[in-house]
Every structure is written in C-alpha cells, then in structure tokens.
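>>> What follows is a predicted structure for the sequence shown.
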Amino acid sequence: MTKSEFTHMLIQEAYPNPVEVHREPNGFLTEHSHPFEVYALILEGEIQLTVEGQGNTYRAGDIFYLGAQELHEESYGKAGVRYLASRRLVDDF
C-alpha cells in the first residue's frame, strides 16, 4: 500500500492524521496494550507483532491493525522499523 492509499483509507475510516514512528534496530517491547486502536503503514524495515501467541511480520508497504486493549508484543528487524501510525482513542476503556 502506498502512503497516498493509506491516507485515503484513514480518511474513509475517520482516523486522525498519522504520525511517523521510528524504532531501534533489534529492539522489542514486551507484552502490553494501548487505550487506542491503531492502523499503521510500514515505510522501512520490519516489525513482528505477536498477538495471542501468533506472530506476524510486516515490511514496507504492509499495514497492520491493533484493537484497543489488545495485548501484543513487538520486535524490530536488524534495520529497525519506520512506520506511519494513526491512533484512535476508544472511549469505552
């Protein structure tokens, strides 16, 4: 997916403008959750997300979605990762 296509999708889904996120090479975050749902477009590098024991790797052009309060782990590739993230707060949490 391109940045333009991603931005168009966010507008259609009523998500806010995305912010750019950088994560360090070979870094990780242990299991955690967020009070928001997020759509993200990978720009460079790779990220592996593990949700309920299931790991998926995302690379440039891929998008991922995480629901609010969804427990997950993150790890970043040898070049780290750079992505656009649009976060929408969920009032129920």
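Okay, I see it.
>>> Let me see the confidence value for the closest residue to residue 44 other than its chain neighbours.
Setting aside the residues directly before and after it, residue 44 is nearest to residue 82 in space (Cβ to Cβ, 6 or more residues apart in numbering), at 4.5 Å. To be clear about C-beta, it is placed using only N, CA and C from the backbone, and glycine gets the same treatment. With respect to pLDDT, residue 82 scores 98.
>>> how near is residue 82 to residue 42?
Distance, residue 82 to residue 42, by Cβ to Cβ, to the nearest Å: 8 Å.
>>> picking up where we left off before, pretty sure the residue nearest to residue 44 contacts residue 20?
Yes: with contacts defined as Cβ atoms under 8 Å, residue 82 counts as touching residue 20 at a distance of 6.7 Å.
>>> shared neighbours of the two, which are they?
Counting by Cβ atoms under 8 Å, 6 or more residues apart in numbering, the residues touching both residue 82 and residue 20 are residue 43.
>>> Tell me which of the two has more neighbours.
The residue with the greater number of neighbours, taking residue 82 and residue 20 and applying other Cβ atoms under 10 Å, is residue 82; the counts read 16 against 9.
>>> now the strand or helix carrying that one, how far from the centre of its chain.
Assigned by DSSP states H and E, residue 82 belongs to strand 72-89. Taking the mean of its C-alpha atoms, strand 72-89 sits 5 Å from the chain's own mean (Cα atoms, centre = their mean, to the nearest Å).
>>> Just the buried residues of it, please?
For strand 72-89, a neighbour-count test (16 or more other Cβ atoms under 10 Å) marks 72, 74-77, 80-87 as buried.
>>> residue nearest the centroid of this structure?
Among the residues of the chain, the one closest to the centroid is residue 40, at 3.9 Å (Cα atoms, centre = their mean).
>>> partner strands of whichever strand or helix holds that residue, parallel or antiparallel?
If you go by DSSP H and E, residue 40 is part of strand 36-51. For strand 36-51, the pairing partners within the sheet under DSSP bridges are strand 54-59 (antiparallel), strand 63-66 (antiparallel), strand 72-89 (antiparallel).
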